[in-house]
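**Student:** Quick check, what structure comes out for this input:
(one chain, ligands or ions: 3)
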Amino acid sequence: MPTLQMPLNFSATETHCIDQLNRPLHDVRISLTDQCNFSCPHCKPTKQSQSLGKKKQLISFDEILRISKILIDLGVKKIRLTGGEPLLYKNLSFLIKQLKALGIEDLALTTNGYLLSDQAIQLKKSGLDRITVSLNSLDEKIYKKMTGGFGSPQNVLSGITSCEQAGFSSLKINVLVKKGMNESEIIPIVRYFRNTKHIVRFIEYMDVGTENNWSEKDVISSINILRKIHETFPVAPLEQNYRGEVARRYAYKNGKGEIGFISSISQPFCQDCNRLRLSSGGELYTCLFAENAFDLKKHLHKNNAELFKVLQNIWNKREDQYSEMRFCANNKNRNKIEMYRIGG
Ligand code: SAM
Ligand code: SF4
Ligand code: SF4
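**Tutor:** Numbering: from 1, shown residues only. Ligands and ions are numbered 1, 2, ... in the order given. Just a heads-up that it's a prediction; the model follows:
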């Protein structure tokens, strides 16, 4: 029976932008919109939260590019476009082209897949490097329960096929596992994607935000998912691809392909966390579970050299490690930002 591997440590010499826990700034998630065409109970459960988003002042296309350029100068190697649903963002193709023109090494996008069939070719042409698709069930009824009644697994699978045809040879498939909801889908999903180039990643249900009424009782820990898979399809651990990789990886012993586990609850990975998050409202978050944001809009009148310093300073002061201290008493009533506002 394989065990879940432990993360590696960073060296302080890797980048000039290091936080209080010696973690380099490497990765930025940009939430292009907090609007979504789904209403998943684990993420954005209320209609009220949808209308709240519309009233917010958004940062502009040019501001996204300007901030991205400075972040790249600060050492960022990877940008992930997310949301809300990023495929709802109007100038997405042009934004992708412009971000690639800035020289970002790795440009990825996470989507619920609803609009993927229509947009796959355009995304590829624009220069997007990688796509992650969320698919929590192959069963229509369970799927709809987990999206608030929207979409269908068939639609997402068609989107995945369109991506393959467009030239995205290997996608990541995010599967959030929630107790009493989709445990029965673990093996069917593994069976479906085994022997393909797509990598299924099982995600522990997290206490992001407050609207989803998260309870530890609803979490199935990665070790139990791994055990279940291992009984039917034996797997062996793989080395991490790079430092700070969030998923612990496993390969099938018989057959091609790999799977991964993102275990924020049972195996926190704060010690390697190198991610900054930018919301569509122009707020910066140094942690997925942050209570407070840095309002970058207040600094956008500054010149690029000054803005560079502001961003560097924010990262240098960072000391977040929420997942390591999740169950401490003083974290109980934390007023956390919602997932659909800053992306996964
Ligand atoms: N709308 C897109 C999507 O669903 O892929 C992108 C944004 S969504 C917030 C990014 C990822 O966060 C999705 O894979 C989703 O399943 C995951 N997610 C949302 N709420 C979560 C929670 N409470 N715990 C763990 N993952 C969650
Ligand atoms: Fe929308 Fe994605 Fe959140 Fe579901 S998980 S509500 S698709 S942002
Ligand atoms: Fe990073 Fe915060 Fe998650 Fe820890 S809890 S891994 S610091 S986002």
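**Student:** Excluding chain neighbours, give the residue nearest to Tyr340 in space.
**Tutor:** Lys44 (4.2 Å; C-beta to C-beta, 6 or more residues apart in numbering). C-beta here means a position set from N, CA and C on the backbone, and glycine is covered the same way.
**Student:** Report the contact partners of that neighbour.
**Tutor:** Cys36, Phe38, Gln50, Gly148, Glu211, Glu338, Met339, Tyr340 (C-beta atoms under 8 Å, 6 or more residues apart in numbering).
**Student:** what's the spacing between it and Ile173?
**Tutor:** Distance from Lys44 to Ile173, counting by C-beta to C-beta, to the nearest Å: 20 Å.
**Student:** same thing with Arg341?
**Tutor:** For Arg341 relative to Ile173 (C-beta to C-beta), the value is 24 Å.
**Student:** Next: Asp129.
**Tutor:** Applying C-beta to C-beta to Asp129 and Ile173 gives a distance of 17 Å.
**Student:** quick one: which of these two has more around it?
**Tutor:** Comparing Asp129 with Ile173 by neighbour count (other C-beta atoms under 10 Å), the higher total belongs to Ile173, at 24 against 16.
**Student:** Excluding sequence neighbours, find me the nearest residue to the more buried one.
**Tutor:** Val200 is the one closest to Ile173 (C-beta to C-beta, 6+ apart), at 4.7 Å.
**Student:** Walk me through which strands the strand or helix carrying the one you found pairs with, and which way each runs.
**Tutor:** Applying DSSP states H and E as the criterion places Val200 in strand 199-204. Strand 199-204 has the following strand partners under DSSP bridges: strand 172-177 (parallel), strand 258-262 (parallel).
**Student:** Format these as a markdown table; extra columns: distance to ligand 3 and mean pLDDT.
**Tutor:** What follows is those, written out as a markdown table (distance: least, C-beta to the nearest ligand atom, whole Å; pLDDT from 0 to 100):
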| stretch | distance to ligand 3 | mean pLDDT |
| --- | --- | --- |
| strand 172-177 | 15 | 98 |
| strand 258-262 | 10 | 97 |
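**Student:** what about the closest residue to ligand 1 within the stretch 201-344 of the chain, distance to ligand 3?
**Tutor:** Per C-beta to the nearest ligand atom, Gly344 is where the stretch 201-344 of the chain lies closest to ligand 1, at 2.8 Å. Per C-beta to the nearest ligand atom, to the nearest Å, Gly344 is found 10 Å from ligand 3.
**Student:** which residues touch Lys125?
**Tutor:** Ser93.
**Student:** How far off centre is stretch 32-50?
**Tutor:** Centroid displacement of stretch 32-50 relative to its chain, using C-alpha atoms, centre = their mean, to the nearest Å, is 15 Å.
**Student:** So is it next to ligand 1?
**Tutor:** Yes. Stretch 32-50 reaches ligand 1 (C-beta under 6 Å from any ligand atom) through Cys36, His42, Cys43.
**Student:** Of these, which is the most crowded?
**Tutor:** That'd be Cys43 among the residues of stretch 32-50 next to ligand 1, by other C-beta under 10 Å, with 25 neighbours.
**Student:** Tell me which helix or strand that one sits in.
**Tutor:** Assigned by DSSP H and E, Cys43 belongs to neither a helix nor a strand.
**Student:** who touches it in this structure?
**Tutor:** Contacts of Cys43 (C-beta under 8 Å, 6+ apart): Val208, Gly209, Asn212, Glu338, Met339, Tyr340.
**Student:** and the residues you listed near ligand 2, which?
**Tutor:** Within those, those near ligand 2 by C-beta under 6 Å from any ligand atom are Met339, Tyr340.
**Student:** For Asp129, list the residues it contacts.
**Tutor:** Asp106, Leu107, Ala108.
**Student:** In stretch 21-33, which residues are buried?
**Tutor:** The neighbour-count check on stretch 21-33 (16 or more other C-beta atoms under 10 Å) flags Arg23, Pro24, Leu25, His26, Asp27, Val28, Arg29, Ile30, Ser31, Leu32, Thr33 as buried.
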